[in-house]
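# I'd like to go over a predicted model; first the sequence, then the structure.
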Amino acid sequence: MPHFNLAWAPRDKELAARLTGRAQAYFSGRESGYVLGTGALPHVTACQFESAPDDAREIFSLLAAQLPPTVIFTIGEPYFFPTQEKKDAFWTGLGVRKDAALIQMQQHIFDEVRSRGRVCFTPSGDAYFPHLTFARLEWVVEPATRAALGDGFLNTSHEFEFSLGICGAHGVYPERLL
């Protein structure tokens, strides 16, 4: 069965281009299976799940009628986390400030997907980590690069819109469907 991603995508195409440009500038050609750019759109995942395409669209439509069409997210600090599948690989990008409203929305999405007999592969509650992934790497990022990732983004707020997209390997969001 195909995988889908209920996510928030930047409403401003210029912001999406800037995020993609930052990831490309620092990581293109040096990534391991994922870098924002062609075939990987910027997004903040709410729930990755497996479903038949018609069911995924139905779940999205139901949730879209219940949730605000757009939300404001504040971009936080750069992050670097080890991957679960490979010892010497890690994820990098920018965190998104987590607040009670975001946790409640994501939990509602998680619960709705589960109520439809689907498994949400994204953790919920305190374990939920909202973020914008830049790349998956198998090398150590220099301190100067770590510091520069957030330049111009840190503590800025932007409008994101609820969306449904394809979920590829490593959580890649290659195509927005709705």
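Looks like it arrived, so ask away. Keep in mind that this is a model prediction, so the values were computed, not measured. Numbers count the residues shown, from 1 in each chain.
# worst-scoring helix or strand of this structure, pLDDT-wise?
Taking mean pLDDT, DSSP states H and E as the measure, the helix or strand of the chain with the lowest value is helix 143-148, at a mean of 81.
# in it, what's buried?
Arg146 (16 or more other Cβ atoms under 10 Å). Using the backbone N, CA and C atoms, a C-beta is placed for each residue, glycine as well.
# List the strands paired with the longest strand seen in the chain, with their directions.
Secondary structure assigned by DSSP state E gives strand 70-82 as the longest strand of the chain. Strand 70-82 sits in its sheet next to strand 90-96 (antiparallel), strand 157-166 (antiparallel), going by DSSP bridges.
# what's that strand in contact with?
8, 11, 44, 89-97, 101-102, 105, 130-132, 141, 146-147, 149-150, 153-162 (Cβ atoms under 8 Å, 6 or more residues apart in numbering).
# Just the buried subset of the residues you listed, written out for PyMOL, thanks.
Here is the PyMOL command that selects the buried residues among the contacts of strand 70-82 (16+ other Cβ under 10 Å):
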select buried, resi 8+11+44+89+90+91+92+93+94+95+96+102+105+130+131+132+141+146+149+150+153+158+160+161+162
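# which residues in the chain form strands?
Counting by DSSP E, the chain has strands at residues 3-10, 31-35, 44-50, 70-82, 90-96, 131-137, 157-166.
# Next, the angle from the shortest one to strand 90-96.
Compare the direction of strand 31-35 with that of strand 90-96 by axes from the mean of the first three to the mean of the last three Cα atoms, to 10 degrees and you get 30 degrees.
# Report the separation between the two terminal residues of stretch 30-45.
Taking Cα to Cα, to the nearest Å, stretch 30-45 runs 24 Å from one end to the other.
# Now do the buried residues in it.
Buried residues in stretch 30-45 (16+ other Cβ under 10 Å): 31-37, 40-45.
# now, the most widely separated pair of these?
Pairwise distances across the buried residues of stretch 30-45 (Cβ to Cβ) peak at 21.8 Å, for the pair Ser32 and Val44.
# any idea how far stretch 90-106 is from the chain center?
Relative to its parent chain, stretch 90-106 has a centroid offset of 9 Å by Cα atoms, centre = their mean, to the nearest Å.
# Could you pull up the mean pLDDT of that stretch?
Average pLDDT, stretch 90-106: 95.
# Can you name the residues in contact with that stretch?
Applying Cβ under 8 Å, 6+ apart, the set of residues contacting stretch 90-106 is 19, 23, 27, 44, 46-47, 67, 71, 73-83, 122, 124-126, 128-137, 141, 149-150, 153-154.
# Might one say that His131 is in contact with Val44?
Yes: His131 is in contact with Val44 according to Cβ atoms under 8 Å; the separation is 6.8 Å.
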